[in-house]
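Peer 1: got a sequence here, can you build the structure:
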Amino acid sequence: MTESPLTSLINYSQYIADLLNRPTVEHSTLAVWSDSPYTGVAEGEVFFKNGFRLRVREELDFSESIITSYGYEVYQGTERLYWYDDFPYPKDSNLASTYPHHKHVPPNIKHNRITAPEISFTQCNLPVLIREIEELTKI
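Peer 2: Numbering: from 1, shown residues only. This next block holds a predicted model:
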């Protein structure tokens, strides 16, 4: 079994660099940094061809190999198409199967939430998000 990239700043930084080295990515400002050996932050944007953009913010716990908090937003030009977050909505039974992970989608994007079965605190979410954008853009 391959070691999780979430185990250290170096591992996660290299994982991100390798993941973003693909023809569908024009450029990226996504960076990973840390003020301690145990925690980190990944933040920035990934710019795809055809004007799509992924905005990323992750808080990481390397000692536990987990993402402790995240927010992912997808744009086409300046229009926000959808976003994922981990803000808990325990009273929304429609989201129970992936609690607290969910996706905000149109119409009424702020209040229209659906489950996010592939998003997790214990595995890297960026491959899921990139695949989704690549499928959306058909690039």
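Peer 1: show me what contacts C124?
Peer 2: Applying CB atoms under 8 Å, 6 or more residues apart in numbering, we find C124 in contact with 4-6, 15, 67. All C-beta spots, glycine's among them, are computed from the backbone N, C-alpha and C.
Peer 1: pick out the most distant pair among those residues.
Peer 2: Y15 and I67 (12.6 Å; CB to CB).
Peer 1: more neighbours: which of these two?
Peer 2: More crowded of Y15 and I67, by other CB atoms under 10 Å: I67, with 22 against 18.
Peer 1: checking my notes, that one in a strand, right?
Peer 2: Yes. Looking at I67 with DSSP: H, G, I helix; E, B strand; the rest coil, it is inside a strand.
Peer 1: is it in contact with R57, as I believe?
Peer 2: No. Checked against CB atoms under 8 Å, the pair I67 and R57 is beyond contact range at 10.4 Å.
Peer 1: just the helices from the protein, written as ranges.
Peer 2: Per DSSP state H, the chain carries helices over the ranges 9-20, 126-137.
Peer 1: compare those helices and give me the one nearest F48.
Peer 2: F48 lies closest, by CB to CB, to one member of these: helix 126-137, at 5.8 Å.
Peer 1: list the contacts of that closest one.
Peer 2: With CB under 8 Å, 6+ apart as the test, helix 126-137 has contacts from 16, 19, 22, 24, 46, 48-50, 52, 54, 56, 72, 74, 81, 84, 118-119.
Peer 1: and those, which are buried?
Peer 2: For these, a burial check counting by 16 or more other CB atoms under 10 Å picks out 16, 19, 46, 48, 52, 54, 56, 72, 74, 81, 84, 118-119.
Peer 1: want to try JSON lines for the helices of the chain, with mean pLDDT as columns?
Peer 2: As requested, the helices of the chain are exported to JSON lines (pLDDT from 0 to 100):
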{"stretch": "helix 9-20", "mean pLDDT": "96"}
{"stretch": "helix 126-137", "mean pLDDT": "93"}
